[in-house]
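Sharing a model that was predicted from the sequence below.
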Amino acid sequence: MKHRPVPQRQRRVWRISPDAPLGKFVDPDEGPPKVTEPQERYEPGWRQSSFDLAYGLEVREETDTVPGDFMDELFNRPAK
């Protein structure tokens, strides 16, 4: 009776990188991941906020309110 050769199991490594921020399985024998230059991201700051306030930011206030009795029922603990 001949023995069948046992297949080699591939090693799996979970790696988090800039390309896969949630992580992914990679081949550890593949070598280090390629390093990429970080991309500049535009984040609005005080200038954008000032522009929005000066030139047309639309602010809307909703008048729907929750009755006080209902809020008390939801968030107040019963008295002991």
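Everything's here; your move.

Let me see the ranges of the helices in this structure.
46-54, 68-75 (DSSP state H).

Alpha carbons of the shortest one, in PDB - could you do that?
Below are the C-alpha coordinates for helix 68-75, written out as PDB (Å, rounded to 0.1, in the frame of the first residue of the first chain):
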ATOM      1  CA  GLY A  68     -40.800  65.700  28.700                       C
ATOM      2  CA  ASP A  69     -42.900  62.900  30.200                       C
ATOM      3  CA  PHE A  70     -41.600  60.500  27.500                       C
ATOM      4  CA  MET A  71     -38.000  61.500  28.200                       C
ATOM      5  CA  ASP A  72     -38.500  61.000  31.900                       C
ATOM      6  CA  GLU A  73     -39.900  57.600  31.200                       C
ATOM      7  CA  LEU A  74     -36.900  56.600  29.100                       C
ATOM      8  CA  PHE A  75     -34.000  58.000  31.100                       C
END
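
Who are the contact partners of residue 68?
By CB atoms under 8 Å, 6 or more residues apart in numbering, residue 68 lies in contact with nothing. Every residue, glycine included, has its C-beta placed from N, CA and C.

quick revisit: mean pLDDT and distance to residue 61 added to the helices of the chain, as a markdown table?
Formatted as a markdown table, these follow (pLDDT from 0 to 100; distance: least, CB to CB, whole Å):
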| stretch | mean pLDDT | distance to residue 61 |
| --- | --- | --- |
| helix 46-54 | 83 | 16 |
| helix 68-75 | 82 | 19 |
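
Identify whichever of the ones you listed lies nearest to residue 32.
helix 46-54 (38.3 Å; CB to CB).

Would you mind putting the helices of the chain into TSV with distance to residue 21 alongside?
Shown next, in TSV, are the helices of the chain (distance: least, CB to CB, whole Å):
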stretch	distance to residue 21
helix 46-54	25
helix 68-75	37
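
Pull the number of nearby residues for residue 26.
16 (other CB atoms under 10 Å).

Could you find the closest non-adjacent residue to it?
Using CB to CB, 6 or more residues apart in numbering and skipping residues adjacent in sequence, the residue nearest residue 26 is residue 15, 4.8 Å away.

Point out where this protein drops to low pLDDT.
Counting by pLDDT under 70, the chain contains low-confidence residues at 1, 6-7, 9, 33, 77-80.
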